[in-house]
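Enquirer: Provided below for reference: sequence and predicted model.
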Amino acid sequence: MKNLEISQFIHEYCRAFRPGNINEIIKYFHYPTTMLVNGMNIHVASSVELEPLLSSGLSDMKSKGFSYSKIQDLYIHSLSEKIAIVSASYIRFKSDDTALEEIAATYTIFKDSELGCGIVTIIAHELDKVIGK
C-alpha cells in the first residue's frame, strides 16, 4: 500500500469518528477485528457486534464533552501491498474547540481487493509509545 492511500484512509476514519456517526465509523473496519483498549482484549466478528461497543464508548465520551478528534502525529509503516501498521496520536476536542485529552493508538490496516482498506487491529496505548517517534 502507498503511504498517501493509508494517510487518506486514517484521516477519513478520524473525521468519521464522532458521536452519533456509528454507521460511518463501522465502514472503516474489516472483520474480524481485534481491539486492545482499556486493558481489554475485544474480538469483533461483524459490524453488528461492533456497533453497540462503539455506541457505548462514544456515548461515554460524549458525556465528557467529546465532539471530534484531530491527528497530531501519524507514522505509516507499509509492510506489503496489502498490510500496513499505522501509529498515531490524537487530540480529542470538545465542541467549543478546547482540548479534552490526548490519546494514541496503533492500527493494523489490511487492503482487501474487493473491500479496500480496513482496520483489523486497534491497540490503544500511551502517547510515548507511538511507533515512529
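Expert: That came in fine, so what should we check first? Numbers count the residues shown, from 1 in each chain.
Enquirer: rest of the way, CA atoms for contacts and neighbours
Expert: Fine.
Enquirer: what about the residue nearest to Val86 when sequence neighbours are not counted, helix or strand, and which?
Expert: Distances taken as C-alpha to C-alpha, 6 or more residues apart in numbering place Ile76 nearest to Val86, at 4.7 Å, with adjacent residues excluded. Following DSSP states H and E, one finds Ile76 within strand 66-78.
Enquirer: got the buried residues for that strand?
Expert: By 16 or more other C-alpha atoms under 10 Å, the buried positions in strand 66-78 come out as Phe66, Ser67, Tyr68, Ser69, Ile71, Leu74, Tyr75, Ile76, His77, Ser78.
Enquirer: give me the beta-bridge partners of the closest residue to the fifth one other than its chain neighbours?
Expert: This points to Ile71. In this structure, Ile71 finds its nearest non-sequential neighbour in Tyr90, 4.5 Å apart by C-alpha to C-alpha, 6+ apart. Tyr90 forms beta bridges with Ile71, Ile103, as assigned by DSSP bridges.
Enquirer: number the chain from 681, please
Expert: Right, with 681 as the first residue, what we last looked at is Tyr770.
Enquirer: so what's His710 up against?
Expert: Phe790, Cys797, Gly798, Ile799, Val800 (C-alpha atoms under 8 Å, 6 or more residues apart in numbering).
Enquirer: show me the contacts for the second one.
Expert: Under the criterion of C-alpha under 8 Å, 6+ apart, the contact partners of Cys797 comprise Ile686, Phe689, Tyr708, Phe709, His710, Ile789, Phe790, Lys791.
Enquirer: and the helices in the chain?
Expert: 683-696, 702-705, 727-743 (DSSP state H).
Enquirer: CSV please, covering those helices and showing distance to Thr778 and mean pLDDT.
Expert: Below are the helices of the chain laid out as CSV (distance: least, C-alpha to C-alpha, whole Å; pLDDT from 0 to 100):
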stretch, distance to Thr778, mean pLDDT
helix 683-696, 17, 96
helix 702-705, 23, 95
helix 727-743, 14, 94
